[in-house]
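1. Need coordinates for the following:
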Amino acid sequence: MEFSEERRCRRRYGSSTMKALSSPPAFLLVMMALLTKRRSFVASFPSSMLVPRGLTVRSSTLRSSFDLTRKTPASPAIGVMRRPGYKSQGTVLNDSSSASATASSSYQFPSSSTMRPIQANLTKVLMVLYIVSMCITLPLALFPLYLLHKLNLISTPRKENIALRAGCFCSRWCMRLLPFCRVHAIPTNAPVGSIVDDHNRPEEPCVWVCNHTSMLDVFILMAVDHKLRGSRRRPIKIVYWKGLESNPVTKLLFTMCGFIPVQMTANAPGEANEYDTSSFKSLLRNTKKAFEEGFDIGILPEGQLNPTPEKGLLPVFKGAFTLARLSRRPIRMMSICGAHKLWHPDEPDITKTKVVGRNVAVRAYPSPEGRRFASGDEFAATFQNVVGHFGMHGKDMETDKLEQWLDGRAWADIMEEEQKL
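-> Take a look at the predicted model:
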């Protein structure tokens, strides 16, 4: 004879789902979700990993059975009472797989709130395990390419292209298996007024610019790049500080992917940069070669980690505009918010950083066809307003205002007012 609670669960979910919940992977995920009260730990896994062989369970049914944050009237067997007139509150789901065109208008970045110690510690453990897993999977994935290139079996551009895609693959799947953060990606095909990008058409070579808030930025962007820019995207070679090659794993990834180094004096986040101008010639040469070989270029105009992104961007360098003008390429913008709450720039040791949040939002902006910045001041002002606003708040400014900045009307109005004065 079955117990009343088991009978109730069987009626609600079905016998096959109850068997699925008893599998070891599902039990582990239930315990992790109980500690964090987040559905994202389960939503990050495919249903095939949760359901034993021989069972057929609907994905939506299995996911809903794990939704521990959903408010439902409790049965007397559990012993939880609800007051009269109780209304349930909505929950925030894991939006890392969202690529809908209405994402930018419907998404609301969660307001900052203090994490419970057990949630912060578990998130930190998962983040450290993610870094460790990347230190293992990247050499395993890239070493065969290194050998093939040494034996002259593949060309340098082919090696770099495959290495970039392998790095994105490793970052994406390690983040799915160790979901230490909830990433919401807003792609370029999310319309901004009349500005719409088409993911189905190949993109022209361009210079991508983004803010810089944490040492996790590159890995998060690589993990969601396929959702941000579509399947027809061109791989991005990032301009980086050569001092990062002191880490052997970072050196392996950056050199195998053909990232472009720049020499500068080591400094703390927020301090002024001192560049070695002799490395600029090689930067221009490598940039031109990358465009010819089918790559895009990625630059961080702030030049360093921003320790206070909630207060706005650091002073913006105009080198990205100069590079785009010399190469006759357009500039496209990205923005990231929330990564500094996982690994703050002021703490280089990941084991000592204080985790205060795990929600990350990433945005890739569409661009009107033929859009070019007329001056470095226009680029800096647009970057400050568009990317800076998203970096502070995790959401776009008003659609009309954002469209005016993206198509250049906002800057034209500013210039017109200055001329009147």
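
2. what sits against H340?
-> Taking Cβ atoms under 8 Å, 6 or more residues apart in numbering as the criterion, H340 is in contact with 213-214, 306-307, 309. Quick note: C-beta positions are derived from backbone N, CA and C, even for glycine.

3. Which one (most neighbours) among those residues?
-> Within the contacts of H340, T213 tops the neighbour count with 30 neighbours, counted by other Cβ atoms under 10 Å.

4. On the three-state scheme, it is what?
-> T213 falls in the coil class when you classify it by DSSP: H, G, I helix; E, B strand; the rest coil.

5. From M175, how far off is the residue nearest to F180 when sequence neighbours are not counted?
-> Nearest residue to F180, sequence neighbours excluded (Cβ to Cβ, 6 or more residues apart in numbering): L126, at 3.7 Å. Remark: distance between L126 and M175 (Cβ to Cβ, to the nearest Å) = 10 Å.

6. Which one of the two is surrounded by more residues?
-> Each of L126 and M175 has its neighbours counted (other Cβ under 10 Å); M175 has more, 24 against 21.

7. remind me which residues of the stretch 1-150 of the chain are low pLDDT?
-> 1-113 (pLDDT under 70).

8. Pull out the buried positions in the helix or strand containing the residue nearest to F180.
-> Per DSSP states H and E: L126 is located in helix 117-150. By neighbour count on 16 or more other Cβ atoms under 10 Å, the buried set for helix 117-150 is 119-120, 122-124, 126-128, 130-131, 133-134, 137-138, 141-142, 145, 149.

9. before we move on, the earlier item: in the contacts of H340, find the pair that's most separated.
-> S214 and P307 (10.0 Å; Cβ to Cβ).

10. any residues in contact with both of these two?
-> Joint contacts of S214 and P307 (Cβ under 8 Å, 6+ apart) are 340, 344-345.

11. I'd like those as TSV, with distance to R158 and secondary structure appended.
-> Converted to TSV, these look like this (distance: Cβ to Cβ, whole Å; DSSP: H, G, I helix; E, B strand; the rest coil):
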residue	distance to R158	secondary structure
H340	36	helix
H344	38	coil
P345	35	coil
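
12. Compile those into a markdown table and extend it with columns for pLDDT.
-> Output for the shared contacts of S214 and P307, formatted as a markdown table (pLDDT from 0 to 100):
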| residue | pLDDT |
| --- | --- |
| H340 | 95 |
| H344 | 93 |
| P345 | 91 |
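
13. Looking at those residues, spot the one nearest A361.
-> Using Cβ to Cβ, the shared contacts of S214 and P307 come closest to A361 at H340, 12.3 Å.

14. Could you measure from the closest one over to H389?
-> Relative to H389, and taking Cβ to Cβ, H340 is found at 16 Å.

15. Where does T188 fall, secondary structure wise?
-> Going by DSSP H and E, T188 is not in any helix or strand.

16. For it, give me the pLDDT.
-> Reported pLDDT at T188 in the predicted model: 92.

17. how many other residues sit next to it?
-> 25.

18. Next one: it from P366, what distance?
-> Distance from T188 to P366, by Cβ to Cβ: 5 Å.

19. repeat for L178
-> L178 is 32 Å from P366, by Cβ to Cβ.

20. Could you give the number of residues near the closest residue in space to W208 that isn't next to it in sequence?
-> Of all residues not flanking W208 in the chain, G298 sits nearest, at 4.6 Å (Cβ to Cβ, 6+ apart). Neighbourhood size, G298 [other Cβ under 10 Å]: 22.

21. Repeat that for A380.
-> Residues near A380, counting by other Cβ under 10 Å: 19.

22. Looking at it now. What's its pLDDT?
-> Predicted confidence (pLDDT) for A380: 96.

23. any idea which element the spatially closest residue to it that is not a sequence neighbour lies in?
-> In space, A380 comes closest to V316 once its chain neighbours are excluded; the distance is 4.4 Å by Cβ to Cβ, 6+ apart. Assigned by DSSP H and E, V316 falls within no helix or strand.

24. Contact partners for V316?
-> 301-302, 379-380, 383-384.

25. Filter those down to just the buried residues.
-> Applying 16+ other Cβ under 10 Å to the contacts of V316 flags 301-302, 379-380, 383-384 as buried.

26. which residues in this protein form strands?
-> 182-186, 207-209, 236-241, 260-262, 296-299, 331-337, 359-364 (DSSP state E).

27. Sheet partners, orientation included, of the fourth one?
-> In this case it means strand 260-262. Strand 260-262 has its sheet partners listed here by DSSP bridges as strand 236-241 (parallel).

28. Next, the angle strand 331-337 makes with the partner strand.
-> 70 degrees (axes from the mean of the first three to the mean of the last three Cα atoms, to 10 degrees).
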